[in-house]
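S.K.: this one's sequence-less:
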């Protein structure tokens with residue numbers, strides 16, 4: 001299991017949080033997703049045999065948010 005903690009820009013409300021969490025829950029291989037609004041970030045564990053950081057970043061961007069480098 002690998003771990004990611006990324007800052008995410010563009011989230012403004014609890015609906016944004018729910019939308020992003022739902023999107024990430026639908027990506028195979030992702031476990032233990034936490035999306036925070038107060039400190040806009042995503043924390044998750046993923047199985048590198050089933051997905052990778054590029055796919056996770058794509059899911060975040062497809063939902064309308066940006067990963068802050």
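M.R.: Sure thing, it's come through. This is a predicted model, so every value here is computed, not measured.
S.K.: Give me the below-cutoff pLDDT ranges for the protein.
M.R.: For the chain, the stretches with pLDDT under 70 are 69.
S.K.: all strands in it, in order from the N-terminus.
M.R.: 2-9, 30-36, 41-46, 66-68 (DSSP state E).
S.K.: So which elements touch the third one?
M.R.: When contacts are defined as 3 or more Cβ pairs under 8 Å, 6 or more residues apart in numbering; DSSP states H and E, strand 41-46 packs onto strand 2-9, helix 14-25, strand 30-36, helix 53-62. All C-beta atoms are positioned from the backbone trio N, CA, C, and that covers glycine.
S.K.: Relative to residue 21, which of the strands of the chain is closest?
M.R.: Nearest to residue 21 among the strands of the chain is strand 30-36; the distance by Cβ to Cβ comes to 4.7 Å.
S.K.: could you check the angle helix 53-62 makes with that closest one?
M.R.: Interaxial angle, strand 30-36 versus helix 53-62 (axes from the mean of the first three to the mean of the last three Cα atoms, to 10 degrees): 40 degrees.
S.K.: Show me how far strand 30-36 is from its chain's centre.
M.R.: Relative to its parent chain, strand 30-36 has a centroid offset of 7 Å by Cα atoms, centre = their mean, to the nearest Å.
S.K.: from the middle of its chain, how far away would stretch 27-40 be?
M.R.: Using Cα atoms, centre = their mean, the offset of stretch 27-40 from its chain centre is 5 Å.
S.K.: what does it contact?
M.R.: 1, 7-11, 13-14, 16-17, 20-21, 24-25, 41-51, 55-56, 59 (Cβ atoms under 8 Å, 6 or more residues apart in numbering).
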